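[1] Any chance you can model this:
(2 chains)
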Amino acid sequence: MFDSLSSKFAGAFGALRARGKISEKDIELTTVEIHQALLEADVALEVVESFTAQVQSKSLELLSTLQAGTNQAQAIFDVVNQELTEILGGGARRIRFAKKPPTVIMLAGLQGAGKTTLAAKLAKFYKDQGETPILVASDLQRPNAVNQLQVVGASVGVPVFAPEPGNGVGNPVTVARDAIAFATSKLHSMVIVDTAGRLGVDQELMSEAIAIRDAVSPDEILFVVDAMIGQDAVRTAQAFQNGVGFDGVVLTKLDGDARGGAALSIAALTGRPIMFASTGEKISDFDIFYPERMASRILGMGDVATLAEQAKKAFAGDSAKKLEDKFLSGEDFTLDDFLEQLEAMSKMGSMGKLLGMLPGAGAMKKQIENFDESEITRTKSIVQSMTPKERRDLKVLNGSRRARIALGAGRKVSDVNALVDKFTAAQKMMKQMRNGGSMPGMPAGMHAGMPGLPPAPSKTVPPAKKKSKSGNPAKRALENGTIS
Amino acid sequence: MGLFNRLVAKVRGTSTASALDWSEIETELLSSDLGPSLVTELLAAAKKMRGDDAEGAIKEILRSKFSDKSRALSEGDGLQIIVIVGVNGTGKTTSVAKLATHLDSQGKSVLLAAADTFRAAAVDQLRTWGERIGIETISGKEGAEPASVAFDSAKRALEVGANFLLIDTAGRLHNKSALMDELGKLKRVVEKVAPISEVLLVIDATTGQNGLTQAKVFSEAVDITGLILTKLDGSARGGVALAIESTLDLPIKFIGTGEGATDFTPFDPEKYLAGLLA
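    From the prediction side, this is the model:
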């Protein structure tokens, strides 16, 4: 998502960068373009106007202080980046934990926003951080909402408090109240209350939501909103704010291609930050929302911070260290190491998502979306069909061995050959890097720090490693046109 | 005063309309999700208008945006198969149940197929609806191939000689090409048993301009024959549906206006226009 917005911004700044000296007129033209781009992305008019006014006045102010010759376009780009981060809600905020557990989180939103799925994602997220959450089925309206919560709860291993069958039977307020008592007695540290979807204009259901709120006194009320929502986002958000009230916003279905502008307006108009974003159907497709990272993504600068974070999580300390030592000691990088890396990568999430976080990803949007995830599995299966000896030394691979491997992996011999060729090339490249040679295609100056390779801070190593290895399957999939 | 009346008043007294008033009306029109291009067109036409028939003229412009295709469900001899598709959370399962109720009340025999084998408890949700209405729901095992469920249900519907088979599918975001291919497969497999008479796309009235993209992509994957516009009982005016009608020539066939099984009616263009400009 945000991709089309991103390309519009790229266009506006491209024109600005092409100028040597920027005039006031240029700034005006740029803001007009930004204005249009935001409107097309469903951003509420009110927000668009105040945003462009801010950008324009700040840029003009800045312009007078900038010497010709310094990079004026970059300075103005920075202003836009800053303002964009601001409308996205400033710095990221975390959940406020209750002083005395349990911490109570209540979810509210329109029908179909994705509350029930989100409840499970949230529970998993905090369970992984050592909390002991419990899910509460207070959506007694929609047929089988209770059942759905039980299923997703079981899939993340979080208990579900569901004394009522739902489907119109039972009182959601009583369920919520009993849930708190239950959670306290069983020492659950967190209670997540799933409520029925309701429209902002439905007074009756809104008072029910208020009654649930008063019964459980939540520490956080999260407003769950579909990223595809249109201009009604503003009215709905205001109705919820005036009704049950909310402390933070959760954006769902961010993996679609919606421009999400209206959803973004909610943060600006209600002054409530977007706290979480949900980006897919898998339980793990969920993260804290970082306004500054999203701003850089919209502006086409990629989201390297998240990428690095995920890499760090996936490449557990040991294997990264082992590899680093191996690299420094001059040992060859073998297929066994490669396999280990592939496995770590699958832990990081889908390749499509990872690639999408790289700067300039917007240009390869189509390929990334259609990236064939099973390519990694296929590559893994080829490596796994080799004997330990073969993995250590590719030179022993004669024709009959290759045929055996292909048979074992269920692939063609040509697939095995392609992998071997690519891997040999990668091995060679690593040797060159170690010897202080520059990597083809790497910007000059990149290898300046390389000769002798002083022990690099281990933090920066994983992304670099990832790059060389992910290159194989990713590039191959892209070359092959990916669709299987 | 409603937006429409204000617009008409503005046109009548063109001489006194200031740029500020126009921008206010523009904001209102934009807020109904008609989309920037339709709004620009409408305003340009309205600004040129003079005289008393402004009211009629403006409505006429909007009316001209509607598709000319029939809004009735296609009828014929034998089994009519209707597939319901859409992105996640638009209200497909609920719409299937409502459509079944609607057809049932007309004395037709209806069968439901739960081909949403992905979302947790979706099959049960449809089954519960089926029990409430008193009609049979065909389902497979959890995680079963949706196409196979659809295939079995089509065979079953032929066997019992039902008038209608409504196939509920899993919600899918239209930019996931593998999922869209799955939909194409479902269609091909079902058509081995009997032809599909309608594929209805469910659009949530709160959706913004993305609704247009949804309709485009779904049309490419399976031939959409019409729309169901849901959640019109909220504050959203569902302007994007008109944009879809005019751009893709797809008729809105039904609207959903609540959570009850009977909160569902055939689409009435005049009522919709009135709501749009209220």
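[2] and stretch A:21-40, which residues are buried?
    Within stretch A:21-40, the residues that count as buried by 16 or more other C-beta atoms under 10 Å in any protein chain shown are A:22, A:26-27, A:30-31, A:33-35, A:37-40. (C-beta placed from N, C-alpha, C; glycine too.)
[3] Tell me how the chain divides into domains.
    Chain wasn't specified; assuming chain A. Under the assignment automatic domain parsing, the domains of chain A span A:3-87, A:103-288, A:306-479.
[4] ah, no, chain B please
    By the record's domain assignment, chain B is partitioned as B:3-63, B:80-276 (automatic domain parsing).
[5] and of those domains, who's closest to chain A?
    Among those, domain B:80-276 comes nearest to chain A, with 2.6 Å by C-beta to the nearest C-beta.
[6] what's the span of the closest one, first residue to last?
    Between the start and the finish of domain B:80-276 there is a gap of 32 Å, counting by C-alpha to C-alpha, to the nearest Å.
[7] Okay, buried residues for stretch A:42-54 please.
    In terms of neighbour count (16+ other C-beta under 10 Å), stretch A:42-54 has its buried residues at A:42-45, A:47-49, A:51-52, A:54.
[8] got JSON lines for the residues you listed, with pLDDT too?
    What follows is the buried residues of stretch A:42-54, written out as JSON lines (pLDDT from 0 to 100):
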{"residue": "A:Asp42", "pLDDT": "75"}
{"residue": "A:Val43", "pLDDT": "80"}
{"residue": "A:Ala44", "pLDDT": "79"}
{"residue": "A:Leu45", "pLDDT": "77"}
{"residue": "A:Val47", "pLDDT": "84"}
{"residue": "A:Val48", "pLDDT": "84"}
{"residue": "A:Glu49", "pLDDT": "84"}
{"residue": "A:Phe51", "pLDDT": "86"}
{"residue": "A:Thr52", "pLDDT": "88"}
{"residue": "A:Gln54", "pLDDT": "88"}
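[9] and of those, the nearest to B:Asn210?
    Top of the list for closeness to B:Asn210, among those and by C-beta to C-beta, is A:Asp42 at 7.6 Å.
[10] re earlier: would you mind finding the most buried of the domains of chain A?
    Among these, domain A:103-288 has the highest mean neighbour count (mean count of other C-beta atoms under 10 Å in any protein chain shown), at a mean of 22.
[11] still on that earlier bit, compare the mean pLDDT across the domains of chain A and name the weakest.
    Ranked on mean pLDDT, the bottom entry among the domains of chain A is domain A:306-479, at a mean of 66.
[12] hang on, the earlier thing: what would the buried residues of stretch A:42-54 look like in TSV with distance to A:Asn144 and secondary structure?
    Rendered in TSV, the data for the buried residues of stretch A:42-54 read as follows (distance: C-beta to C-beta, whole Å; DSSP: H, G, I helix; E, B strand; the rest coil):
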residue	distance to A:Asn144	secondary structure
A:Asp42	32	coil
A:Val43	36	coil
A:Ala44	35	coil
A:Leu45	40	helix
A:Val47	38	helix
A:Val48	41	helix
A:Glu49	44	helix
A:Phe51	42	helix
A:Thr52	46	helix
A:Gln54	47	helix
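[13] Show me which residues of the stretch 151-278 of chain B sit near chain A.
    By the rule C-beta under 8 Å from any C-beta of the partner chain, the part of the stretch 151-278 of chain B lying against chain A is B:173-177, B:204-211, B:213-214, B:231, B:233-237, B:239-240, B:259.
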